[in-house]
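Q: below: sequence and its predicted model.
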Amino acid sequence: MGDENKFKIVDNGNERNKFRKRKWVTWIIVLLVVTNSITLFVSNRISLGLPNGKVMIGREAYDQVLKFQKLFLVRNKLYEYYDGKITDDVLVEGAIKGMTDSLKDPYTTFMNKKEYTDFNSQTEGAYTGLGLQVGVKEDNIVVIAPFDGSPAKKAGLISGDVIEKVNKTEVTGKELDKAVTMMKGKVGEEVTLTINREGKGNFDVSMKRAQIDLVTVKGEMLENNVGYIQLTMFDEHTSKNFEKKLTELEQKGMKSLIVDVRGNPGGLLDQVVSLTSNFVAKGKNIVYTIDKNKKKTEYKSTGGIAIGMPLTVLTDAGSASASEIFAGAIRDYKVGTLVGEKTFGKGVVQTMLSRSQDGFDDGTALKVTISKYYTPNGENIHHVGIKPEVAVTYPAALKTKTYDKKTDPQFIKALELAKDKIK
């Protein structure tokens, strides 16, 4: 879920780069000394033991050091034989990215300084790119949803489109962050995506990057005192802006509410917990996580201003991550009715390691999957999704046309149910 806790640091420039190079050389020397020492111990069949009998230095430790020694062997051989430009900075970044890529988890990734800056800008509500959110399904990069008014939306991209190439470079689910980086860049530059769409096959779409200013909360009063709020993402301001819109609609006489999270790819965990608290009684668990050590962490409702408000929630395959936390809590506590289609199915949580105390003091960061999340009733929906109580399919023929609530069967059904809930 883009459910990451973000931290910002400042780069100290050239002096820091010099320090990093000195540190790199120091580590090479240290590792060679350690390797040689261990080689001496092993070759003489000597092992150092602890009182409990465990081996402190032995064959296993020696084998581990040899693996790291090979990194330096390859580095030196590249400098000796490679016919092209080469730098330690490039080699180190490539080695680190190789480690995260080997895990085959598209949500665990190392970000260089530019990639981390781009990531921050999106969760802060603005960035430069094509204006679409993507996820991974069956090792494919899939469009979760394009943002309203974005180049991707204007070019006709829809939820479910598979991105096979970016500027003629093939990309797979293992290269999610690489593909995202390639789609971002300078305003006005053209990007061509090769798309595979069910029922249409492969085709190219070209569009120009633009400044994307995300408005994550929109709302209006509908007929019969029914309010409507659309959530397009959970960024740093979503919960606060949602409460403002909620108060505004209540002051206008709202007696029933529709919340639309179709095409909402998720965002920040604290934001969805805060927003969902408006509908769930204080103290009740909204979501909980379990990490690799079986540690359970609960995120409880703080209470809010819409407890008891008749609620209808619209979902589809573009509702992912934080949107699914919201939908899961609403469903499990039976405080609203889900209408539409099954959600995307992303039930894992990431954190962002970017602070100096984490060892990242140069503007880079490590986004890493740290746990699975579960709905209040104990369901992990990763690769499964959440089925709505009232299933309504959005016709494929309408996805490529200009959106109109009057022809949207999911919205029409949600409005019907919202009206029926008014006493």
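A: Happy to help now that I have it.
Q: measure the closest residue to residue 368 other than its chain neighbours to residue 135 for me?
A: Spatial nearest neighbour of residue 368, excluding adjacent residues (C-beta to C-beta, 6 or more residues apart in numbering): residue 108 at 4.9 Å. Where you see a C-beta, it was placed from the backbone N, CA and C, and this is true even at glycine. Between residue 108 and residue 135 the computed distance is 14 Å (C-beta to C-beta, to the nearest Å).
Q: neighbour-wise, which of these two wins?
A: Taking other C-beta atoms under 10 Å, residue 108 and residue 135 do not tie; residue 135 has more neighbours (24 against 18).
Q: does the more buried one belong to a helix, a strand or coil?
A: strand (DSSP: H, G, I helix; E, B strand; the rest coil).
Q: and what about the closest residue to it other than its chain neighbours, helix, strand or coil?
A: In space, and not counting its chain neighbours, residue 135 is closest to residue 144: 5.0 Å by C-beta to C-beta, 6+ apart. Judged by three-state DSSP, the three-state class of residue 144 is strand.
Q: what about residue 144, neighbour count?
A: 25.
Q: again with residue 279
A: For residue 279, using other C-beta under 10 Å, the count is 25.
Q: for it, which non-adjacent residue is spatially closest?
A: According to C-beta to C-beta, 6+ apart, the nearest residue to residue 279 is residue 335 (5.1 Å).
Q: returning to that earlier point: torsion angles phi and psi at the residue nearest to residue 368?
A: phi -110, psi 120 (degrees, to the nearest 10).
Q: got it, and residue 325?
A: According to degrees, to the nearest 10, residue 325 has phi -60, psi -50.
Q: isn't it right next to residue 373, touching?
A: Yes. The criterion here is C-beta atoms under 8 Å, and residue 325 meets it with residue 373 at 6.7 Å.
Q: neighbour-wise, which of those two wins?
A: Counting neighbours by other C-beta under 10 Å for residue 325 and for residue 373 shows that residue 325 has the greater number, 30 against 26.
Q: so what pLDDT did that one get?
A: Model confidence at residue 325, given as pLDDT, is 97.
Q: and residue 290, what element?
A: If you go by DSSP states H and E, residue 290 is part of strand 285-291.
Q: that strand pairs with which strands?
A: strand 296-300 (antiparallel), strand 365-374 (antiparallel) (DSSP bridges).
Q: I'd like the average pLDDT over it.
A: Across strand 285-291, the average pLDDT comes to 97.
Q: switch to numbering from 565
A: Yes, from this point I'll number from 565; that puts the last item at strand 849-855.
Q: could you dump that strand to PDB, C-alpha only?
A: What follows is strand 849-855, C-alpha atoms only, in PDB (Å, rounded to 0.1, in the frame of the first residue of the first chain):
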ATOM      1  CA  ASN A 849      -9.600  -1.900  15.600                       C
ATOM      2  CA  ILE A 850      -9.600  -0.600  12.100                       C
ATOM      3  CA  VAL A 851      -6.700  -2.700  10.800                       C
ATOM      4  CA  TYR A 852      -3.900  -4.700  12.300                       C
ATOM      5  CA  THR A 853      -0.500  -5.900  11.000                       C
ATOM      6  CA  ILE A 854       1.600  -8.900  11.700                       C
ATOM      7  CA  ASP A 855       5.300  -8.800  11.000                       C
END
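Q: one step back: who are the contact partners of the residue nearest to residue 932?
A: By C-beta atoms under 8 Å, 6 or more residues apart in numbering, residue 672 lies in contact with 664, 914, 931, 932, 933.
Q: point out where this structure drops to low pLDDT.
A: The model of the chain has pLDDT under 70 over residues 565-626, 685-690.
Q: could you redo the last one with a cut-off of 80?
A: 565-632, 681-691, 776-778, 964-966, 987 (pLDDT under 80).
Q: quick one: the helices in the stretch 865-987 of the chain, in order.
A: 886-896, 960-963, 973-984 (DSSP state H, counting those that start in this stretch).
Q: CA atoms of the second one as PDB?
A: Extracted in PDB, the C-alpha atoms of helix 960-963 (Å, rounded to 0.1, in the frame of the first residue of the first chain):
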ATOM      1  CA  ALA A 960     -16.200  -2.100 -20.700                       C
ATOM      2  CA  ALA A 961     -17.800   0.000 -23.400                       C
ATOM      3  CA  LEU A 962     -18.200   2.900 -21.000                       C
ATOM      4  CA  LYS A 963     -14.600   2.900 -19.800                       C
END
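Q: I figured residue 784 hits residue 792, correct?
A: Yes. Using C-beta under 8 Å, residue 784 makes contact with residue 792 at a distance of 5.5 Å.
Q: between the two, who's got more neighbours?
A: residue 792 (24 against 13).
Q: list of residues touching the helix or strand harbouring that one?
A: Element membership for residue 792, per DSSP H and E: strand 790-795. Residues outside strand 790-795 that contact it (C-beta under 8 Å, 6+ apart) are 780-786, 802, 806, 809-810, 813-814, 816, 818-825, 828, 839, 887, 979, 982-983, 986.
Q: could you do stretch 904-912 as well?
A: By C-beta under 8 Å, 6+ apart, stretch 904-912 touches 565, 671, 699, 701, 708, 826, 829-830, 878-885, 887-888, 891, 933, 935-938, 944-952, 954-958, 974, 978.
Q: what distance separates the start and the end of it?
A: 23 Å (C-alpha to C-alpha, to the nearest Å).
Q: hang on, the earlier thing: got a quick PyMOL command for the buried subset of the contacts of strand 790-795?
A: Those of the contacts of strand 790-795 that count as buried under 16 or more other C-beta atoms under 10 Å are selected in PyMOL with:
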select buried, resi 780+781+783+786+802+806+809+810+813+818+819+820+821+822+823+824+825+828+839+887+979+982+983
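Q: just the ones of the contacts of strand 790-795 in helices?
A: Judged by DSSP state H, helices contain the following of the contacts of strand 790-795: 802, 806, 809, 810, 813, 814, 839, 887, 979, 982, 983.
Q: kindly indicate which of those residues lies nearest residue 796.
A: residue 802 (8.8 Å; C-beta to C-beta).
Q: outline the domain layout of the protein.
A: 582-668, 690-776, 779-910+945-984 (automatic domain parsing).
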